[in-house]
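# got a predicted structure plus its sequence, pasted below:
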Amino acid sequence: MPPIRVLIVDDHPVFRQGLCDVLETDDLITVVGEAADGEVAIEMVQEDPPDVILMDINLPTINGLQVTRQITALYSDIKVIMITGYDDAEQVFHALRAGASAYCPKDIMPETLVNIVSEVYKGKYVVDEKVMTKDEMLNWMDQRISRFGGQYAPDSDEMFIPLSPREMEILEHVTKGLSNKEVAYKLGISHQTVKNHMTAILRKLRVDDRTQAAVYALQHGWVRLDSTHS
């Protein structure tokens, strides 16, 4: 069969090169491109869709969850592997709901990553190195939801949906310490519009105030720490 065509999306050149070196050890995998941010990744996919994408969550401009959601909505055949340093159960849910087929820590063993690329290409899902069909993945998620004692109940489906690009933009300004009025001025929108977006952000993240929302975004890699000082 033809080689599996892979696109690598990560803003660290050394890490991208490392992934490329690992994948190129397998004759059935070829790296067709690299992108340092989400916007470039989307453009590259539109020009030449790959089979599999290795996607970091913590990206400049657009976070990896949003990029994954946009790409998988347009190209259902493309498989996305989230490879990230944010290895926690809640983030796995966000990734799978965004359309990812696998979720891996950045310290994954090279041979394991190669196997995961092959598995997702065949339509499987992989979490914690467990290979699953789609039905098995959905059952796995239901079991984890039960363990959380209903925290992720079916009627709170918004919890799994990444924030919209505008909401992410507002939240990033909030992490810089800007008030609602300052955010409104910065973005050229009304104060009330910012307040409405903040209400939606707090609801989706299930937090009580702006500070908690900012901390949540930073902890989960949705907003880059270095961007808060720019």
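All right, it came through fine.
# just give me the residue closest to the centre of the chain.
The residue lying closest to the centre of the chain (Cα atoms, centre = their mean) is Leu65, at 2.4 Å.
# and Asp209, what is it in contact with?
Residues in contact with Asp209, defined by Cβ atoms under 8 Å, 6 or more residues apart in numbering, are Leu202. (C-beta placed from N, C-alpha, C; glycine too.)
# distance check, it against Met198.
9 Å (Cβ to Cβ, to the nearest Å).
# pretty sure the residue nearest to the centre of the chain is touching Leu96, no?
No - in this structure Leu65 lies outside contact range of Leu96 using Cβ atoms under 8 Å: 10.4 Å.
# still on that earlier bit, could I get the pLDDT score of the residue nearest to the centre of the chain?
Listed pLDDT for Leu65 reads 86.
# could you do Leu23 as well?
We have a pLDDT of 94 for Leu23.
# contacting residues for it?
With Cβ under 8 Å, 6+ apart, Leu23 has these contacts: Val6, Ile8, Ile29, Thr30, Val31, Leu113, Val114, Val117.
# which among those end up buried?
Val6, Ile8, Ile29, Val31, Leu113, Val114, Val117 (16 or more other Cβ atoms under 10 Å).
# count of neighbours near His197?
22 (other Cβ atoms under 10 Å).
# just Ile71 next, same as before
Neighbours of Ile71 (other Cβ under 10 Å): 25.
# check contacts around it.
Ile71 neighbours (Cβ under 8 Å, 6+ apart): Ala41, Ile42, Val45, Ile53, Ile78, Val80, Gly99.
# could I get those residues in a markdown table, plus columns for pLDDT?
Listed next are the contacts of Ile71 as a markdown table, based on pLDDT from 0 to 100:
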| residue | pLDDT |
| --- | --- |
| Ala41 | 95 |
| Ile42 | 94 |
| Val45 | 96 |
| Ile53 | 98 |
| Ile78 | 97 |
| Val80 | 98 |
| Gly99 | 90 |
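# low-confidence ranges, the chain, go.
86-88, 144-162, 221, 223-230 (pLDDT under 70).
# can you give me the domain boundaries for it?
4-145, 164-229 (automatic domain parsing).
# any buried residues in the helix or strand encompassing Gln66, and which?
Element membership for Gln66 (DSSP states H and E) is helix 64-74. By neighbour count on 16+ other Cβ under 10 Å, the buried set for helix 64-74 is Gly64, Leu65, Gln66, Val67, Thr68, Arg69, Gln70, Ile71, Thr72.
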